[in-house]
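J.: One predicted model, sequence on top.
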Amino acid sequence: MSLTVIVLAAGAGTRMRSARPKVLHAIGGRSLLAHVVGAARALSPDQLTVVVGHGRDEVSAHLAAVDDAARPVVQQQQRGTGDAVRVALAAGAPTTGTVLVMAGDSPLLSSSTLAALVAARERDSAAVTVLTAVVPDPTGYGRIVRAAAAAAAAAADLGPLVGIVEQREATPAQLAVTEINSGVYAFDGAALPGLLAPLGSDNAAGEVYLTDTVAAAVAAGKRVTALRTPDPLEVEGVNDRVQLAGLGAELNRRTVTAWMRAGVTVVDPATTWIDVDVRLAADCTLLPNTQLHGATTVDVGATVGPDTTLDGVRVGAGASVVRTHGSGAVVGPDATVGPFAYLRPGTALGVGGKIGTFVETKNVQIGDGSKIPHLTYAGDATIGVGSNIGASSVFVNYDGVHKHRTMIGDHCRTGSDTMFVAPVSVGDGAYTGAGTVVRRDVPPGALAINVAPQRNLDGWVGRYRPGTAAASAAANTRDRSGQPDGGRPDGGGPDGSATAVP
Ligand code: UD1
Ligand code: CA
């Protein structure tokens, strides 16, 4: 039987108090709309229509990005959920087979529940089958009204459905009903236009309620059934930011649990956040306070965390990433990163390589076994294999107008505090001395140095900083030894001399 899906996403989402349309708010790394459209798409419908209105340009553009086969249809004025479905049909949504109508704000709905609802309607040959749930607090939801026991506690009641009554119109007895309308319905397409036709807006909200199709079907003597989901959270809608956070946490619990069952060690599930599009291999380990976003992947045996946030980062097998913030980067197998590293987009670290402590990298390819261990900025560079970049180095890539690249060869040893003033290259096997400012290319195998000779101005502290702790410490030492440098056996200078190098 053919299947049409209509997603209702035109509402303002007033309770979000947001400039952004409600369905574009995200949990688990995907917008509410992307969750819903993704679950619907898994049913392979013949057509998928999304009714847009509030923020329609933004919502349509987002829809095209997440599902370019989905068709946006504009509801000019938000006259209610019933009107939204009318608009979809007027815009050509088919009325053959089953028409599945769902709200755009229920992000936990699973495709299996949707498939079960469609199957239930087709099995029952019902005009409409409503997805319902029994919830602890039904406030705000439409209540399911059943014939047998309208006044009784309805949780256990499975009498025939006679209607759905909204919170605002419900009697006290109906308000006590805990079986709620999920806002998801499977309609007999052929019957749907006839069920919508008589609907008015004579109600507390002045809107055309889609929920009134149930009573319309009953009045017309058509078959109406319900499918009760055992998982009320699946049907919870996001109306405000409290619900957004609540469902975000629930989605995360489900995602983290699924990965643990698949063989991932998660030391602290409560502080581990994993977006739905993240992919993890068995036997990787996530330490506390780790957030994995976007298309991040972690390969077998790798360890991430603690206190690490990765967005679109690929972590290779056996690698370790500790206390790191990274995006758009690749960490090779058996490589190590952190603690306290900042990986920016375009960073690619080779097999067994290292990006160490207080290191920031951007747009840099680091060859296998190469290391940037401490206190360094490496941007716009290519580093060969087996090279070591000394502590406190800067790849000086920006001349104030343009960015330039630095090329470092294989098996180089660059000294601490080297400034690579790009564009510049360091040949294979070359060295640089500590404190070198590399402004000219270094040939393979050369040592680049440009240090100025050091001068020690004897007695300078005593003359120019009298009365300071430094001055008295120096004076005490001089008094004890009778020599200006305290008579240390190494003489105080690199060449063993106690006096200034001329
Ligand atoms: C609706 C149901 C309620 C159900 C609840 C489940 C109605 C009248 N009530 O209430 O029975 O328990 O969902 O979450 O349907 N929309 C449009 N155009 C409009 C109005 C709404 O596209 O003119 C869209 C919204 O963007 C939203 C969905 O329809 O995605 C539901 O609208 P919302 O205002 O959230 O309805 P609820 O008050 O939650
Ligand atoms: Ca809602």
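T.: Perfect, I can see it now. Numbering: from 1, shown residues only. Ligands and ions are numbered 1, 2, ... in the order given.
J.: show me what contacts the residue nearest to residue 236 when sequence neighbours are not counted?
T.: Spatially, and ignoring its direct neighbours in sequence, residue 236 is nearest to residue 247 (6.0 Å; CB to CB, 6 or more residues apart in numbering). For every residue, glycine as well, the C-beta is placed using N, CA and C. Neighbouring residues of residue 247 by CB atoms under 8 Å, 6 or more residues apart in numbering: 27, 107, 108, 233, 236, 238.
J.: What of residue 423?
T.: 404, 405, 406.
J.: who are the neighbours in contact with the closest residue to ligand 2 within the stretch 1-150 of the chain?
T.: Closest residue of the stretch 1-150 of the chain to ligand 2, CB to the ion: residue 105 (4.9 Å). Going by CB under 8 Å, 6+ apart, residue 105 touches 9, 11, 13, 22, 23, 32, 36, 237, 238, 239.
J.: repeat that for 10 Å
T.: Neighbouring residues of residue 105 by CB atoms under 10 Å, 6 or more residues apart in numbering: 7-9, 11, 13, 16, 22-23, 25, 32-33, 35-36, 183, 236-239, 243-244, 247.
J.: Show me the subset of these that also lies near ligand 1.
T.: Contacts with ligand 1 within these, counted by CB under 6 Å from any ligand atom: 8, 9, 11, 183, 237, 239.
J.: hmm, back to that, so how far is residue 242 from the residue of the stretch 1-150 of the chain closest to ligand 2?
T.: 14 Å (CB to CB, to the nearest Å).
J.: Quick check: residue 255 is in a strand.
T.: No - secondary structure of residue 255 (DSSP: H, G, I helix; E, B strand; the rest coil): helix, not part of a strand.
J.: Do I have it right that it meets residue 28?
T.: Yes - with contacts counted by CB atoms under 10 Å, residue 255 reaches residue 28, the gap being 6.5 Å.
J.: where do the contact lists of the two overlap?
T.: Counting by CB under 10 Å, 6+ apart, the contacts common to residue 255 and residue 28 are 273, 274, 275, 276, 278.
J.: How about residue 226: which residues does it bridge to?
T.: Bridge pairing for residue 226 (DSSP bridges) gives the partners residue 130.
J.: Check what pLDDT residue 295 gets.
T.: We have a pLDDT of 98 for residue 295.
J.: quick one: it from residue 30, how far?
T.: Counting by CB to CB, the gap from residue 295 to residue 30 is 12 Å.
J.: for residue 11, same thing?
T.: From residue 11 across to residue 30, the span is 19 Å (CB to CB).
J.: who's more crowded, these two?
T.: residue 11 (22 against 19; other CB atoms under 10 Å).
J.: what about the nearest residue to that one once chain neighbours are set aside, neighbour count?
T.: Counting by CB to CB, 6+ apart, residue 11 lies nearest to residue 78, which is 5.7 Å off, once chain neighbours are set aside. By other CB under 10 Å, 16 other residues sit near residue 78.
J.: Am I right that residue 78 sits in a helix?
T.: No - with three-state DSSP as the criterion, residue 78 is coil rather than part of a helix.
J.: what residues are up against the one residue in the stretch 201-350 of the chain that gets nearest to ligand 2?
T.: At 3.6 Å from ligand 2, residue 237 is the closest residue in the stretch 201-350 of the chain, using CB to the ion. Contacts of residue 237 were listed using CB under 10 Å, 6+ apart, and they are 22, 32, 103-109, 140-141, 182-183, 243, 247.
J.: Apply 6 Å and report the result again.
T.: 105, 106 (CB atoms under 6 Å, 6 or more residues apart in numbering).
J.: quick revisit: which of the residues in whichever strand or helix holds the residue nearest to residue 236 are buried?
T.: Using DSSP states H and E, residue 247 maps to helix 241-261. The neighbour-count check on helix 241-261 (16 or more other CB atoms under 10 Å) flags 243, 244, 247, 248, 250, 251, 252, 255, 256, 259 as buried.
J.: Over to stretch 382-402?
T.: Buried residues in stretch 382-402 (16+ other CB under 10 Å): 382-397.
J.: Please look at residue 8 and residue 52 and confirm they touch.
T.: No - with contact defined as CB atoms under 6 Å, residue 8 does not reach residue 52; the gap is 9.5 Å.
J.: Give the helix, strand or coil label for residue 207.
T.: coil.
J.: Check residue 117 too.
T.: helix.
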